Each structure stands twice: as C-alpha cells, then as structure tokens.
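Engineer: I'll drop the sequence and a predicted model, then ask my questions.
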Amino acid sequence: MEELVGITAHLGSLASLPGLALGAEGAAPPAIPRDARVEIVTDLESLDRLGPEHCALEEAASRAITPFQTHAFLTSWARHACPPEKLRLLALRQGERLVLSLPLVERTTPFGTVAEVAGRPLCQYGDALVAGAVPDALLRQALQRLRSDFGIAAVLFHAVRDDAAIARWLNTNGQAIGSVGEAPALRLGGVREAGTIAATHPSMDKRNGRTTRQLQKRGVLSFDIVAGGAEAGALLRQGIAMKEEWLANSGRVGRAFADPEILAALDALVRMPDGGTLASCLRLDGEPIAIEIGFCSGPRYCAFLGAFSPELNKLGVGKLQMQHTVEALAGRGVEIYDLLPPGGGYKDDWADHRVPVADHAVILKPSGMLPAVWVLRVPAMAKATFERLPRPVRSRLRFLAR
C-alpha cells in the first residue's frame, strides 16, 4: 500500500512537467549540423552490418562504457530475446562517422507505447554509447523521429549511473522516476599492488583462510577462470542450476532465469570467445562448488551471476570464490570490480565506493508519463511487496511471480 500511495503521489507531482521540448508533432526538427543524420536500426541484418563501426566507437569510449552497451551484448540479446520487429536502435552520424548509439526496444503497455533501453532484464545499466559529449540537437531529432514514425510516448532508461555518458543529458531533458539507488564496486588498485585482498580486506581474508582449511579437509580445492566459450557456457548452466535451487529454498524469484529466450541470449553471449565473458569456478575434488559469471569492458568487470552449492553455503564458499576472482582480475589488469545495483547485503563487505543510480524517463507526448511510471515503478512495487511476505508464502507464490 505504501508503494501505491507513493506512485500516486509521484504521478501527481509529475503531471505538470512538460517533458522534452521537441515541439508539436509534425513540427520541424531541431537545427543540426548539415552533415549530421539519424538512422533507426530495426532489424538484425542492419544491426550486424553496424558491428565494425559500433566496435570502433566502443574502443573510442572504452573507459566510459559498461559491458551492456557492447555490440556483442546487443546482438546476443537481439537475436534471441528481442520481440519481433521491435528493435529501435538510434544510430546518430556526423558525416559517415557513427557518433552515438542508443539501443532501444519498443514496448506496448496498457497506457501507451514506450521505448526502453534494450537488453532487459540482462542489461544492468541504461546508457548510450558515445565518445565525448552527447550531440544534443541530433539526439532530439532522433527522439522526434521515434515519436512521429513509431508513436513512442516516452523513452525509458533503467538504472542510469550518475557517471553515465547519458546522465547529464537526462538530468537536463528527462525526469528521474522513483528513488535513487546505488551501484557498489571495489577498486582493484590496492589488490593488484599487494597481490591479495589481505591488504584491503584483512578480516575477509582471515575468514576465507578458515574456509579454505575446512574445505581442504574434505578434498582437493582448486580455482580456475576462463574466457567465453564452451567451458564458460557449461559453467553458466551449472551456476544457474545452483542459483535456481537457492532461489527456491529462499522463496525468491529470478526473472532472468524464468524466460527461455533470455536464457538463450545469455548462453549465446557467454559462449562468444570475444564477448567479454569471464567465468570463474571454485572446485572441490574437481566438482564446482561456487561459480561466478561476469562481463568485462575496458577497465570494468561486472559480476553478473554468483552461485554456490547450497550444501556448502554455511562455509562461505561464495565469498572464497569471490576472493579468488577479485585477485585473478587484479592480476589481469582489471581496475573495477562492479558488484552491480542494488547495493546492500554481502556487497557492502566488498565495496569501497558507490555511484548513485536512478531510472529516468524522457516524455515525448503528454500521455507518456503514465506508461513510464507503469514500466519503471509498478514492477519494483510488486517485487518489494512480494519480498516482504513470509518465506513460506513466497515459496508458494513463486510460480505466480515468475
């Protein structure tokens, strides 16, 4: 009930906001440079053709992007999980040069049509791919095209980092919807210099030392980390099975694991040799007891999936695997171990800095606010309500929540 009251108040407070000033429908587009133009990619073949340019732009913006804006991620998702004929990737050009890519997908709600950042629920950060400043007039023209050509009432950005490439533009032209969260992360400079987490997390290192000794009494303990490919794909499947068992035991729901199309997209990405995947595994007598799947882009590694053997959970095998992974990543030159939003829980034991994240909407029509709130707030409200239920009730209702 509290969430419903909050959403109602939020709608009331935002009802008078004008949204992005694009002008009336059918009006002339904003002034842009003569050699600038907008392309809207709507099919897989065109997305594939965009690959070399997209990868070049990724290289130019490598320190600023996350793995969820890469062409590898986008093509894996689009090929397996994008609703038919709903891709709306904005490719903005100056001359023949690609200067901004904003991958969107069209979505129909009971209250109107919106476009949201592509890749959900696998995509953990909403952003555009751009090297340098966002070309304001050109992006405005692109959004006007979305409104006039496809009837889009609002463009939605989930989990935008405060340091995202699109953040400043959204702060001026969009509206934050809902509360501000945080993205916790660990900077790996100190770990790399010491070669161990002992210098930055001494108590964690001590606890994990005890876990190591307990496990070694049971058998041979080993750790390995592999790049994307068949072995990583096999670890993904084993990790998902572990995660599903944990979710069932705790009465929780994992949306990403409930949809076979989403699983197919994730599997395709993890099996790509050059997709940025790293899969780490802690083994006891050769059998996986803790698995982590993450994605690298530039200096950043995003820890996407962590799972462990339920039978050994109380020993802390997940934390031990994380230590091995963090130390291995530091040795590979990775600078940031991104734990992904939301913060809290075990993530607070590792993080040494946090970046605010928020959902944003760019309203293109007066009717756009209601579907924006429907997409950005109602699922969060339902999840929060579900998670406050007693565990036995959650366990019985899991099949409905999925």
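Structural biologist: That came in fine, so what should we check first?
Engineer: Go through stretch 208-216 and flag the buried ones.
Structural biologist: Across stretch 208-216, burial judged by 16 or more other Cβ atoms under 10 Å covers Asn208, Thr211, Thr212, Leu215. C-beta coordinates here come from the backbone N, C-alpha and C atoms, glycine included.
Engineer: State the mean pLDDT of it.
Structural biologist: Stretch 208-216 comes out with an average pLDDT of 97.
Engineer: just stretch 328-339 next, same as before
Structural biologist: Across stretch 328-339, pLDDT averages out at 96.
Engineer: ditto for stretch 238-258
Structural biologist: Averaged across stretch 238-258, the pLDDT comes to 81.
Engineer: Any idea how far it is from the middle of the chain?
Structural biologist: How far stretch 238-258 lies from its chain's middle: 18 Å, per Cα atoms, centre = their mean, to the nearest Å.
Engineer: Stretch 248-268 now?
Structural biologist: 14 Å.
Engineer: what about that stretch, how long is it end to end?
Structural biologist: 25 Å (Cα to Cα, to the nearest Å).
Engineer: Where does pLDDT dip in the stretch 151-300 of the chain?
Structural biologist: Along the stretch 151-300 of the chain, segments meeting pLDDT under 70 span 251-256.
Engineer: Now for the closest residue to Cys302 other than its chain neighbours, how many residues are close by?
Structural biologist: Excluding the flanking residues, the one nearest Cys302 by Cβ to Cβ, 6 or more residues apart in numbering is Asp338, at 4.5 Å. Asp338 has 25 neighbouring residues, counting by other Cβ atoms under 10 Å.
Engineer: got a list of what Asp338 touches?
Structural biologist: Going by Cβ atoms under 8 Å, 6 or more residues apart in numbering, Asp338 touches Thr66, Ala183, Ala185, Arg300, Tyr301, Cys302, Ala303.
Engineer: that's a strand at Ala328, yeah?
Structural biologist: No. Read with DSSP: H, G, I helix; E, B strand; the rest coil, Ala328 is helix and lies in no strand.
Engineer: And the contacts of Asp338, which is closest to Trp246?
Structural biologist: Nearest to Trp246 among these: Ala303, at 16.0 Å, using Cβ to Cβ.
Engineer: next one: the helix or strand the closest one falls within to chain centre, how far?
Structural biologist: When elements are assigned from DSSP states H and E, Ala303 belongs to strand 300-308. Relative to its chain's centre, strand 300-308 lies at 11 Å (Cα atoms, centre = their mean).
Engineer: Was I right to think Leu274 contacts Gly229?
Structural biologist: Slight slip there: residue 274 is Asp, not Leu. No. With contact taken as Cβ atoms under 8 Å, Asp274 and Gly229 are classed as non-touching, separated by 10.0 Å.
Engineer: how would you label Ala264: helix, strand or coil?
Structural biologist: helix.
Engineer: Near it, how many other residues are there?
Structural biologist: Neighbour count for Ala264, taken as other Cβ under 10 Å: 15.
Engineer: From Trp77, how far out is it?
Structural biologist: Ala264 sits 10 Å away from Trp77, taking Cβ to Cβ, to the nearest Å as the criterion.
Engineer: got it, and Ser148?
Structural biologist: According to Cβ to Cβ, Ser148 and Trp77 sit 26 Å apart.
Engineer: between the two, who's got more neighbours?
Structural biologist: Neighbours of Ser148 and Trp77, each counted by other Cβ under 10 Å, are more numerous for Trp77; the result is 26 against 15.
Engineer: Show the contacting residues for that one.
Structural biologist: Ala118, Gly119, Leu122, Cys123, Ala265, Leu269.
Engineer: ok, and the closest non-adjacent residue to the first one?
Structural biologist: Going back to what we said before, that points to Ala118. Pro103 (4.0 Å).
Engineer: Listing partners with orientation, what would you give for the helix or strand harbouring Val357?
Structural biologist: Per DSSP H and E: Val357 is located in strand 353-363. Strand 353-363 sits in its sheet next to strand 154-161 (antiparallel), strand 175-187 (antiparallel), going by DSSP bridges.
Engineer: which residues sit against the helix or strand just after the last one?
Structural biologist: Translated: strand 175-187. Using DSSP H and E, the next helix or strand after strand 175-187 towards the C-terminus is helix 189-194. If you take Cβ under 8 Å, 6+ apart as the criterion, helix 189-194 is touched by Ile197, Ala199, Thr200, Val326, Glu327, Ala330, Gly331, Gly333, Glu335.
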